[in-house]
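> Need a 3D model of the following:
(one chain, ligands or ions: 3)
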Amino acid sequence: MVLGIETSCDETSAAVVKGGTRLLSNVISSQMDVHRKFGGVVPEVASRRHVERITLIMQKALEQAGVSIKDLDAIAVTQGPGLVGALLIGVSAAKALSFATGIPLVGVHHIAGHIYANHLVKPLEFPLVALVVSGGHTELIYMEGHNRYERLGRTRDDAAGEAFDKVARLMNLPYPGGPHIDRLAAQGNPGYDLPRAWLEADSLDFSFSGLKSAVMNLIHNASQRNEAIREADLAASFQEAVLDVLVEKSLRAVKRTGVKRLVLAGGVSANSGLRVRLHQRCAQEQIELLIPPLELCTDNAAMIASAGTYQYLDGNFAELSLNAEPNLSLV
Ligand code: ATP
Ligand code: MG
Ligand code: FE
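Ligands and ions are numbered 1, 2, ... in the order given. A predicted model of the protein is given here:
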């Protein structure tokens, strides 16, 4: 039984997971309402909120799971990447609990967590390719087994979620913009012509900053000419440009590595267009596709507890000198 703790950004979360796959509790306290009025996450405000909530959230997670501290095999905490001040709150709480109880401590990479969200739905089978699409990451990862990560491709500039949020901001939609673009896109047609960054012919890397600039120019030019933007159509056009590249490169990665399964990870996995498109393409190509349910797509501690379980089983423990690593690398 592993207690997971996640405070890398603006969700304070604690969870209990049994055997790596069974979710016993997953308590998430979102700060979205606080940050919305600033149009993005304010690091200092996030840290302060985490401090206020973390103890209570940990207590609740144990309570809802019906377990006591002495039942725990390990305490798994997000070590990075993320906002350093935010990460430090989770890391300090985990270290304090580990020190007081003698329960082993495990430091987990946030993106490993996002991938392991799938493990709570159906046990991961290897080898696999994971498409990680979140607010800070867009990567294609190859996994040969538990705890074994190889990077096939990554974004060279903005992450997919970041592009959604920035374009939403240009369109005066509330933060975070991803879900708003998703909703608008469903009502529109992709009539605006926007670029897709395929990069070199065989590249599995991504780039979204050109697309963002194209949307910015389009909005600017329309306003200069006093023309109205067809909002739903613009959202649909932008979303399609992002999805074309994400879907195509994911399938390319699956074929190149010869694996039979693709898993989706990170907050942008919540995108309904992405879910539909991947389901269609994977069915055509007879690739097994795993997508987490919405509540496990965005930041939560259950995914951290799940990933941490396999580090614990590998004997990969952290010392009490464990520090938050804002730029921690997965591979
Ligand atoms: P990272 O995991 O890289 O550290 P993060 O934790 O901030 O970044 P997540 O919480 O995993 O990212 O995901 C948040 C992102 O997901 C935001 O950019 C948000 O706009 C995006 N997102 C959420 N729902 C949707 C959706 N339906 N369509 C598109 N994007 C979405
Ligand atoms: Mg978040
Ligand atoms: Fe995340």
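> Report how many residues lie close to the residue of the stretch 201-331 of the chain found nearest ligand 3.
Closest contact between the stretch 201-331 of the chain and ligand 3, by C-beta to the ion, is at Asp299 (4.4 Å). For the C-beta atoms, the positions are set from N, CA and C on the backbone; glycine is no exception. A count of neighbours around Asp299, defined by other C-beta atoms under 10 Å, yields 27.
> residue contacts, the residue nearest to it when sequence neighbours are not counted?
Distance criterion C-beta to C-beta, 6 or more residues apart in numbering; nearest residue to Asp299, sequence neighbours excluded, is Glu11 at 4.2 Å. Residues near Glu11 by C-beta atoms under 8 Å, 6 or more residues apart in numbering: 28-31, 298-300.
> Check Gly145 too.
Listed by C-beta under 8 Å, 6+ apart, the contact partners of Gly145 are 126-127.
> Find me the pLDDT at it, would you?
We have a pLDDT of 98 for Gly145.
> what are the bridge partners for it, then?
Beta-bridge partners for Gly145, by DSSP bridges, are Arg148.
> The residue of the stretch 101-250 of the chain found nearest ligand 3 and Glu44: what is the separation?
Residue nearest to ligand 3 within the stretch 101-250 of the chain: Ser134 (4.5 Å; C-beta to the ion). Ser134 sits 22 Å away from Glu44, going by C-beta to C-beta, to the nearest Å.
> can you pull out the helices in the stretch 151-300 of the chain?
160-170, 178-185, 209-224, 231-257, 272-284, 294-297 (DSSP state H, counting those that start in this stretch).
> Give the buried residues for stretch 63-76.
65, 67, 72-76 (16 or more other C-beta atoms under 10 Å).
> same deal with stretch 201-216?
Buried-residue list, stretch 201-216, by 16+ other C-beta under 10 Å: 204-208, 211-212, 214-215.
> Widest-spaced pair of those?
Distances among the buried residues of stretch 201-216 were taken as C-beta to C-beta; the most separated pair is Leu204 and Val215, at 24.2 Å.
> A strand includes Thr12, no?
Yes: counting by DSSP: H, G, I helix; E, B strand; the rest coil, Thr12 is located in a strand.
> Need the pLDDT of it.
97.
> just Arg36 next, same as before
87.
> ok, now which ones touch the nearest residue to Pro293 once chain neighbours are set aside?
Leaving out its chain neighbours, the residue that sits closest to Pro293 by C-beta to C-beta, 6+ apart is Val121, at 6.9 Å. Neighbour list for Val121: 290, 292-293, 296 [criterion: C-beta under 8 Å, 6+ apart].
> By neighbours, which of those residues wins?
Taking other C-beta under 10 Å to define a neighbour, the member of those with the most is Pro292, carrying 26 neighbours.
> Distance check, the closest residue in space to it that isn't next to it in sequence against ligand 1.
Leaving aside its chain neighbours, Pro292 sits nearest to Ala117 (4.2 Å; criterion: C-beta to C-beta, 6+ apart). Using C-beta to the nearest ligand atom, to the nearest Å, Ala117 is found at 9 Å from ligand 1.
> from memory Ala117 sits against Glu295, does it?
No: the pair Ala117 / Glu295 is not scored as a contact, 9.4 Å apart, by C-beta atoms under 8 Å.
> Please flag which of the contacts of Val121 sit within strands.
Using DSSP state E, the subset of the contacts of Val121 located in strands is Leu290.
> Name the nearest of the contacts of Val121 relative to Ser237.
Pro292 (27.2 Å).
> give me every residue that touches the closest one.
117-118, 120-121, 264-265, 269 are the contacts of Pro292 under C-beta under 8 Å, 6+ apart.
> Which parts of the stretch 1-150 of the chain are strands?
Under the criterion DSSP state E, counting those that start in this stretch, the stretch 1-150 of the chain contains strands at 2-6, 11-18, 22-30, 74-80, 105-109, 128-133, 138-145, 148-154.
> Could you say which of these is packed most deeply?
Each of these was scored by mean neighbour count; the highest is strand 2-6, a mean of 31, by mean count of other C-beta atoms under 10 Å.
> tell me the angle that one makes with strand 105-109.
Going by axes from the mean of the first three to the mean of the last three C-alpha atoms, to 10 degrees, strand 2-6 is angled at 50 degrees with respect to strand 105-109.
> Report all helices and strands that strand 2-6 contacts.
Under the contact criterion of 3 or more C-beta pairs under 8 Å, 6 or more residues apart in numbering; DSSP states H and E, strand 2-6 touches strand 11-18, helix 43-65, strand 74-80, helix 84-101, helix 110-116, helix 301-313.
> helices or strands up against the last one?
Right, the one you point to is helix 301-313. strand 2-6, strand 11-18, strand 22-30, strand 74-80, strand 105-109, helix 110-116.
> Tell me the spacing between whichever residue of the chain sits closest to ligand 1 and Ile57.
Nearest to ligand 1, among the residues of the chain, is Gly267, at 1.8 Å (C-beta to the nearest ligand atom). For Gly267, the distance to Ile57 (C-beta to C-beta) stands at 20 Å.
> now do Leu23
Distance, Leu23 to Ile57, by C-beta to C-beta: 16 Å.
> What of Asp10?
13 Å.
> Can you pull the residues that touch both of these two?
Common neighbours of Asp10 and Ile57, using C-beta under 8 Å, 6+ apart, do not exist here.
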